[in-house]
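[1] Sequence isn't available, so here's the structure alone:
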């Protein structure tokens, strides 16, 4: 017997009531029944995005929505500024170059947030830039970028949009699309939305739609104008066959999220992140990031411990799945998720699993120190009785 | 959002694969399909009981099987010796008196195991006694009784059977029915069998069946001879309508249990019990029992903490369900389950929840001490890598 714990930053755990709702008999997608669910879901998505814009749903992974943003907003030869501080930031550049855009790539060391001044300088040096594309939170380095400040810069340029990959930020941190003036916000189902992978969501501001109207890039499946015509209120369906059970699941998770309330949900994520950071640091594990994310915590495994073997042991021998590192961080780090359907005892389990594995790897440390440090923070999740 | 953790000694957590198997479309119980499942399940039950006797299945709670044992083995005016060291031991006496038996009740302080010498003396004083009835593990006091030694005593009396309520012992501790010469062994579905409540299992030795043949007590639903005729190999059905989905679930859990292996399963329970005792004691909580059970651990809440409010707070504010105390122990204790579908991180969660609740109740203790002490034991569940 080996009980399984999924503590990787996507896919994340799916709540039981959502699994059961998605397991109900299939319905057809060109029916009033489906449209009613779709319309209600779209309304809740708008609340979650904190926007008056439409939020469109795509049957794709988050990368599909990233590509959709580039295909729909820009044209061959356009200049875009991308922030590359990790695997996902790098992806903006790859997609942009594939479609013949002039990509000005701002690289930043993994684990560092992009300095606002770098973006400011790039915009000044490239006043023709049509967009600034970045991650709100790059999961590969568990780092958050200063989205709000960068949006204030792009707002000063009439034909430059800010495109935010919020795949591990939506529903995790307070990032009001309209208030902050974000032009494109993207997310995926398998993160804070607590669903299986396969669904992406994307919303565009008027400024973004204006760019869409001028884009000459060829596209078909990811044509957001076609989706907008089909998904708008009153029509309430998708252009192509939707991922029906995922949209039904989305209806269920959004109901849960809005029942919890945005403020409470962000506070929970902040608390779990703070506890996790306290826990790993109490075990002598250094954080990867100087601007640590609220979605997941990355930390170096202690000296003398083989990180790849450590992650494998936790997963295969102990049943606890974390993420390891990618590229340069491969074999050196551990990434612990705390976005979505996670709460106090998931963080305790994460800390305990790390402690037990460290013990089994012969590492010398004070048993219980990580859990204790995490608990000192986690107690604040519950009301004091005295 | 409040995630729920069921850590009470029955009902216990039901594994996901078992829930899914039980959620499959209903089948009819007078069919070759059901009989095939029933026969396979019965064979696996015999392995679990470690017996060559038939194991019968009843659609009832464990108390139904306790009553069935008395109804089928004994007659009005018969003398039985019962061990009353807790709520469940007391129940033997209540049932016996209801049916006009002469009940010799051996009371023992809650938390104490019955001394073998007391049973020996009672048998000598009542040589006409037809049975000794006891719990292998009384969950109300989390205490184990010396079943094996008492069975050696009853074996010396030609017409005296030992009847063992193994409701929280079967699948938890090694208690081979045939090797130990146990005459009746009873269990229920919602404990180590990891199922919802509603199903009881009972097995009788030849010595017990001989008593059955002479019993004049009136019975109908719980007539084990009728069940035996129907459930025996080749017939493979029940006398009355069986709890179909629970029997299908039983097939699934027994497959899991035998896959794990009896020895590994007993070792896991022993380790979890040891870790739990180490954890609560490190928090300064005194054990209730001087012969602590492998199925669940009972401990006094610290001085100054209201036990009833503590258990309620854990359940309602923190989502973690433990059991409190019954009768004299009401408001004074906490009972933590570790039988069935529980493993390392369930014990960690239990300890962490107690620590967080103690903190919230203003109790002064060393944060992390309980988890650390439990972990020192729990590490042995996983192979050392260095």
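    The structure has been received and is ready for your questions. In this text the structure is predicted, and so the values were computed from the model without any measurement.

[2] How about the residues of the stretch 201-350 of chain A by chain B?
    Proximity of the stretch 201-350 of chain A to chain B, by C-beta under 8 Å from any C-beta of the partner chain, involves residues A:256, A:260, A:264-265, A:268, A:309, A:313, A:317-318, A:320, A:341, A:343-346, A:348-349. All C-beta spots, glycine's among them, are computed from the backbone N, C-alpha and C.

[3] give me that answer again for 7 Å
    Within the stretch 201-350 of chain A, the residues that sit near chain B (C-beta under 7 Å from any C-beta of the partner chain) are A:256, A:260, A:313, A:317-318, A:343, A:345, A:348-349.

[4] Make CSV from the residues you listed and add pLDDT to it.
    Formatted as CSV, these follow (pLDDT from 0 to 100):
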residue, pLDDT
A:256, 98
A:260, 98
A:313, 98
A:317, 97
A:318, 98
A:343, 97
A:345, 98
A:348, 98
A:349, 98
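
[5] Most neighbours among those, which one is it?
    When neighbours are counted by other C-beta atoms under 10 Å in any protein chain shown, residue A:348 leads those with 26 neighbours.

[6] which SSE is that one in?
    helix A:344-360 (DSSP states H and E).

[7] now that helix against helix B:344-360, angle please.
    120 degrees (axes from the mean of the first three to the mean of the last three C-alpha atoms, to 10 degrees).

[8] Name the residues of helix A:344-360 that are buried.
    Judged by neighbour count using 16 or more other C-beta atoms under 10 Å in any protein chain shown, the buried positions of helix A:344-360 are A:344-360.

[9] repeat for stretch A:194-213
    The neighbour-count check on stretch A:194-213 (16+ other C-beta under 10 Å) flags A:194-205, A:207-209, A:211-212 as buried.

[10] Tell me which of these fall in helices.
    Using DSSP state H, the members of these that fall within helices are A:207-209, A:211-212.

[11] would you turn the residues you listed into CSV with pLDDT and distance to residue A:289?
    Formatted as CSV, these follow (pLDDT from 0 to 100; distance: C-beta to C-beta, whole Å):
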residue, pLDDT, distance to residue A:289
A:207, 98, 31
A:208, 98, 29
A:209, 98, 34
A:211, 98, 32
A:212, 98, 34
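
[12] nearest to chain B, of the residues you listed?
    residue A:208 (32.6 Å; C-beta to the nearest C-beta).

[13] so what's the closest one closest to, chain neighbours aside?
    In space, and not counting its chain neighbours, residue A:208 is closest to residue A:183: 4.2 Å by C-beta to C-beta, 6 or more residues apart in numbering or on different chains.

[14] likewise residue A:377?
    Excluding the flanking residues, the one nearest residue A:377 by C-beta to C-beta, 6+ apart is residue A:275, at 3.9 Å.

[15] Near that neighbour, how many other residues are there?
    Counted with other C-beta under 10 Å, residues neighbouring residue A:275 total 27.

[16] just checking, it touches residue A:374?
    Yes. Using C-beta atoms under 7 Å, residue A:275 makes contact with residue A:374 at a distance of 4.3 Å.

[17] Would you convert the residues of the stretch 201-350 of chain A next to chain B into JSON lines that also reports distance to residue A:5?
    Output for those, formatted as JSON lines (distance: C-beta to C-beta, whole Å):
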{"residue": "A:256", "distance to residue A:5": "20"}
{"residue": "A:260", "distance to residue A:5": "22"}
{"residue": "A:313", "distance to residue A:5": "14"}
{"residue": "A:317", "distance to residue A:5": "13"}
{"residue": "A:318", "distance to residue A:5": "9"}
{"residue": "A:343", "distance to residue A:5": "13"}
{"residue": "A:345", "distance to residue A:5": "10"}
{"residue": "A:348", "distance to residue A:5": "11"}
{"residue": "A:349", "distance to residue A:5": "6"}
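
[18] Of the residues you listed, which is the nearest to residue A:169?
    Distances from residue A:169 to these, taken as C-beta to C-beta, are shortest for residue A:260 (17.1 Å).

[19] which residues sit against the helix holding residue A:348?
    A:5, A:7, A:272, A:275-276, A:279, A:283, A:310, A:313-314, A:318, A:320, A:336, A:338, A:365, A:367, A:370-371, A:374, A:378, A:381, B:3, B:5, B:345, B:348-349, B:352-353, B:371, B:375, B:378-379, B:382-385 (C-beta atoms under 7 Å, 6 or more residues apart in numbering or on different chains).

[20] List only buried entries from those.
    The buried subset of these (16+ other C-beta under 10 Å) comprises A:5, A:7, A:272, A:275-276, A:279, A:283, A:310, A:313-314, A:318, A:320, A:336, A:338, A:365, A:367, A:370-371, A:374, A:378, A:381, B:3, B:5, B:345, B:348-349, B:352-353, B:371, B:375, B:378-379, B:382, B:385.

[21] Among those residues, which are located in strands?
    A:5, A:320, A:336, B:5 (DSSP state E).

[22] Could you measure from the second one over to residue B:298?
    Distance from residue A:320 to residue B:298, counting by C-beta to C-beta, to the nearest Å: 29 Å.

[23] cool, and residue A:356?
    Using C-beta to C-beta, residue A:356 is found at 26 Å from residue B:298.

[24] do the same with residue A:304
    Separation of residue A:304 from residue B:298 (C-beta to C-beta): 42 Å.

[25] what separates stretch A:183-194 from the chain centre, distance-wise?
    The chain centroid and the centroid of stretch A:183-194 are separated by 6 Å under C-alpha atoms, centre = their mean, to the nearest Å.

[26] Repeat that for stretch A:234-244.
    How far stretch A:234-244 lies from its chain's middle: 24 Å, per C-alpha atoms, centre = their mean.

[27] And for that stretch, what's in contact with it?
    By C-beta under 7 Å, 6+ apart, the surrounding residues in contact with stretch A:234-244 are A:26-27, A:29-30, A:34-35, A:38-39, A:57, A:59, A:198-199, A:221, A:226-227, A:230-231.

[28] out of these, which are inside strands?
    Judged by DSSP E, strands contain the following of the contacts of stretch A:234-244: residue A:57.

[29] What ranges does the stretch 101-250 of chain A have for its helices?
    With DSSP state H, counting those that start in this stretch, the ranges of helices along the stretch 101-250 of chain A come out as A:116-125, A:147-154, A:177-180, A:206-214, A:224-231, A:244-260.

[30] residues near the closest residue to residue A:310 other than its chain neighbours, how many?
    Counting by C-beta to C-beta, 6+ apart, residue A:301 is the residue found nearest to residue A:310 once chain neighbours are left out, at 5.3 Å. Neighbours of residue A:301 under the rule other C-beta under 10 Å: 27.

[31] Over to the one 4 residues further on?
    Summarising burial for residue A:305: neighbours were counted as other C-beta under 10 Å, giving 20.

[32] Three-state assignment for it, please.
    Recorded secondary structure, residue A:305: coil (DSSP: H, G, I helix; E, B strand; the rest coil).

[33] residue contacts, the closest residue to it other than its chain neighbours?
    Sequence neighbours aside, residue A:361 is the residue nearest to residue A:305 in space, at 5.3 Å (criterion: C-beta to C-beta, 6+ apart). By C-beta under 7 Å, 6+ apart, the contact list for residue A:361 reads A:305, A:310, B:385-386.
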